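what's the 3D shape of this:
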Amino acid sequence: MKEPKRQTVSRRQSLGLIAGGAGLLAVRPMATPLAQEASSLVIAVDPAPRFELSPHLYMQFMEPLGATDGSVEAAWDHLRDAWRADVVEVTRELAPTMLRWGGIFSDFYRWREGVGPRDKRPPMLNLLWGGVESNQVGTGEFVDFARQVGAEPLICVNFESDGRARYMKAKASVRTADAKEAAEWVSYCNDPAHAERRAHGQAAPHAVKYWQIGNETSYDRQGFDLETAARKTVEFAAGMRKADSEIELIAWGDSGWAARMTEVASEHTQMLRPYRRPLIVISPKSLLRHKEAISTLEDLADGRFQNVIGEVEKLDAQNVKRVIACSGKVYYELLAHRRDKQVKDVAIIRLEQQYPFPHDEYTAALKPFPAARDVVWCQEEPQNQGAWYRLREYFRTDALPGQTVAYAGRPVSASTAVGYMSKHMAQQQQLIEDAFSPAPSDGERVYT
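Residues are numbered from 1 along each chain as shown. As a prediction, this is how the structure comes out:
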């Protein structure tokens, strides 16, 4: 038997060859040299590692999420003042190699509230996720959990609230923290002779080696800009490394920040966090066969994921009075309704990535329609279950002067579906009409 031809090709080359060959085979099997070559391809996967992978690639994080997800509080047995054994056991089975404390939560977390005698720990408001955190889980409890499940602890410090003013104060409580407080946290954890930690009953140091400065700093226009973040990263790093010169520091470098952050702060930090996010497509079956949901072979071979897709039809931009933003298959129903009713003054843009929110691309998609008086977010999910509650502040931040932001979708519901096809279809038709209606037809469905 003749040995099949082997050739090393890039991902892009293989995609173009396979897609092109498959398309030609579908039209005229084995009719061309390209099709014959595609039919003889052998995809051989070599499992031998080409690069060393950090074991921390398989990390997880622990972040109190208040009313949104109380799993941290739920995992703590408040009667025994200990972690629930079943949570420890299942986490140990999952075997995360690293656990991070914090997230956006770090922007308003004051670490001293979560150490010391339990009856002296004040509860705190969760300014992003809602609800109240008891602070019964703090530094010592987090490190203990990480050690029990065999994970390296990583702590994200309060980086002056990442410059987000809305998290700097809650009622009369100051929630932001500076470089001095971050350095004191390092000292509390790692100084063998730290008097405060010893007074709290923990003689041995927590020995936390990895620390993060800044979380999602580049994702919010109301936070630090790149230059400010880089300068403050150096300030924090200097103070923290003065407390313990052996720690490893991670700086924030996503959204194109990595190059400048490296120039400014590389001598003070050991790692940057420029994310590479995998593309995962979750699609209803209806879009797999929808005649409008298609891409060319050139798109498949040479294209790229688009965070925002602007208006694709030719409209008189000066006549557009409304922009509908949406995501997913509802776009095609909105498009069909606009064509059927011959609506000429409504543009439709698609938000393909909701997080991190693509502010620049979104505002670029809005810019061609300066006369639009309002932006309507249209979703199929109930109002309390889709993206509306999370995205509305972004829409309001990026709205053009004088624009109103509104909602069109199903009303608030305790269930994900009504359970009756006739009711479902009536709701679906209503939300499409609401998106185009000149005035809200129902204060629960559409409001500003």
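
Now for the residue lying closest to residue 103 once chain neighbours are set aside, how many residues are close by?
Distances taken as C-beta to C-beta, 6 or more residues apart in numbering put residue 63 closest to residue 103, at 4.0 Å, once the chain neighbours are dropped. Every C-beta, even on glycine, is put in place using the N, C-alpha and C of the backbone. Using other C-beta atoms under 10 Å, the number of residues around residue 63 comes to 21.

The one 3 residues further on too?
By the criterion of other C-beta under 10 Å, residue 66 has 20 neighbours.

residues contacting the residue nearest to residue 103?
Under the criterion of C-beta atoms under 8 Å, 6 or more residues apart in numbering, the neighbours of residue 63 are 72, 100, 101, 102, 103, 104, 105.

go again using 10 Å as the cut-off
Residues touching residue 63, when contacts are defined by C-beta atoms under 10 Å, 6 or more residues apart in numbering, comprise 69, 71-72, 100-106, 109, 126, 128-129, 156, 215.

Look up phi and psi at it.
Backbone torsions of residue 63, given as degrees, to the nearest 10, read phi -140, psi 120.

Could you measure from the residue sitting nearest the centre point of the chain over to residue 103?
Computing the C-alpha centroid of the chain and ranking residues by C-alpha atoms, centre = their mean puts residue 355 first, at 4.1 Å. Relative to residue 103, residue 355 is positioned 12 Å away (criterion: C-beta to C-beta, to the nearest Å).

shared neighbours of these two, which are they?
Between them, residue 355 and residue 103 share these contacting residues under C-beta under 10 Å, 6+ apart: residue 216.

For the lengthiest strand in the chain, enumerate the helices and strands it packs against.
What stands out as the longest strand in the chain, according to DSSP state E, is strand 374-382. With contacts taken as 3 or more C-beta pairs under 10 Å, 6 or more residues apart in numbering; DSSP states H and E, strand 374-382 sits against strand 322-326, helix 330-341, strand 346-351, helix 388-398, strand 404-410, helix 421-436.

what's the model's confidence in the last one, averaged?
Model confidence over helix 421-436 averages 94 on the pLDDT scale.

ok, and what's touching that helix?
322, 324-326, 330, 333-334, 336-338, 341, 343, 345-346, 348, 376-382, 406-411, 413, 417-418, 420, 437, 440-442, 445-446.

follow-up on the earlier one: how about the residue nearest to the centre of the chain, what does it touch?
With C-beta under 10 Å, 6+ apart as the criterion, the residues that contact residue 355 are 216, 219, 277, 387, 390, 391, 394.

out of those, which is most surrounded?
For those, the largest number of neighbours (other C-beta under 10 Å) sits with residue 394, at 23 neighbours.

For it, report the pLDDT, please.
If you check residue 394, the pLDDT there is 90.

what's the answer for residue 325, then?
Here, the pLDDT recorded for residue 325 equals 97.

now it, which residues is it bridged with?
Residues in a beta bridge with residue 325, per DSSP bridges, are residue 349, residue 377.

count of neighbours near it?
Per other C-beta under 10 Å, the neighbour tally for residue 325 reads 23.

and if you look at the one 10 residues further on?
The tally of other residues near residue 335 (other C-beta under 10 Å) stands at 17.

give me every residue that touches it.
Shown in contact with residue 335 (C-beta under 10 Å, 6+ apart): 292, 312, 313, 324, 326, 348, 350.

same deal with residue 250?
By C-beta under 10 Å, 6+ apart, residue 250 lies in contact with 100, 154, 156, 210-215, 233, 269-273.

Let's see which of these end up in helices.
The helices in this structure, assigned by DSSP state H, contain residue 233 from those.

Show me which of the contacts of residue 250 is closest to residue 187.
residue 211 (11.9 Å; C-beta to C-beta).

wait, isn't that closest one in contact with residue 154?
Yes. The pair formed by residue 211 and residue 154 meets the contact definition of C-beta atoms under 10 Å, at 7.1 Å.

Neighbour count for the two, which is higher?
When residue 211 is set against residue 154 and neighbours are counted by other C-beta under 10 Å, the residue ahead is residue 211, at 26 against 23.

ok, what's across the strand from the more buried one?
residue 155, residue 249.

how near is it to residue 249?
The gap separating residue 211 from residue 249 is 6 Å, by C-beta to C-beta.

Now the common contact residues for the two.
In terms of C-beta under 10 Å, 6+ apart, residue 211 and residue 249 are both contacted by the residues 157, 186, 236, 237, 240, 241, 269, 270.

Of these, which is the most crowded?
Comparing the shared contacts of residue 211 and residue 249 by number of neighbours (other C-beta under 10 Å), residue 236 comes first, having 28 neighbours.

Tell me the secondary structure at it.
Recorded secondary structure, residue 236: helix (DSSP: H, G, I helix; E, B strand; the rest coil).

low-confidence ranges in this protein?
Applying pLDDT under 70 to the predicted model, the residue ranges of the chain that meet it are 1-41, 272-281, 439-448.

that older thread, ok, the contacts of residue 335 vs residue 47, which is closest?
residue 350 (38.0 Å).

So what's the residue count around that closest one?
Here the count is done by other C-beta under 10 Å, and residue 350 has 21 residues near it.

OK, contacts around it?
Contacts here follow C-beta under 10 Å, 6+ apart; on that basis residue 350 touches 306-312, 324-328, 330-331, 334-335, 365.

Apply 6 Å and report the result again.
Residue 350 is in contact with 309, 331, counting by C-beta atoms under 6 Å, 6 or more residues apart in numbering.

what's the distance between it and residue 358?
With C-beta to C-beta as the criterion, residue 350 and residue 358 are 11 Å apart.

now swap in residue 430 and tell me
Separation of residue 430 from residue 358 (C-beta to C-beta) stands at 29 Å.
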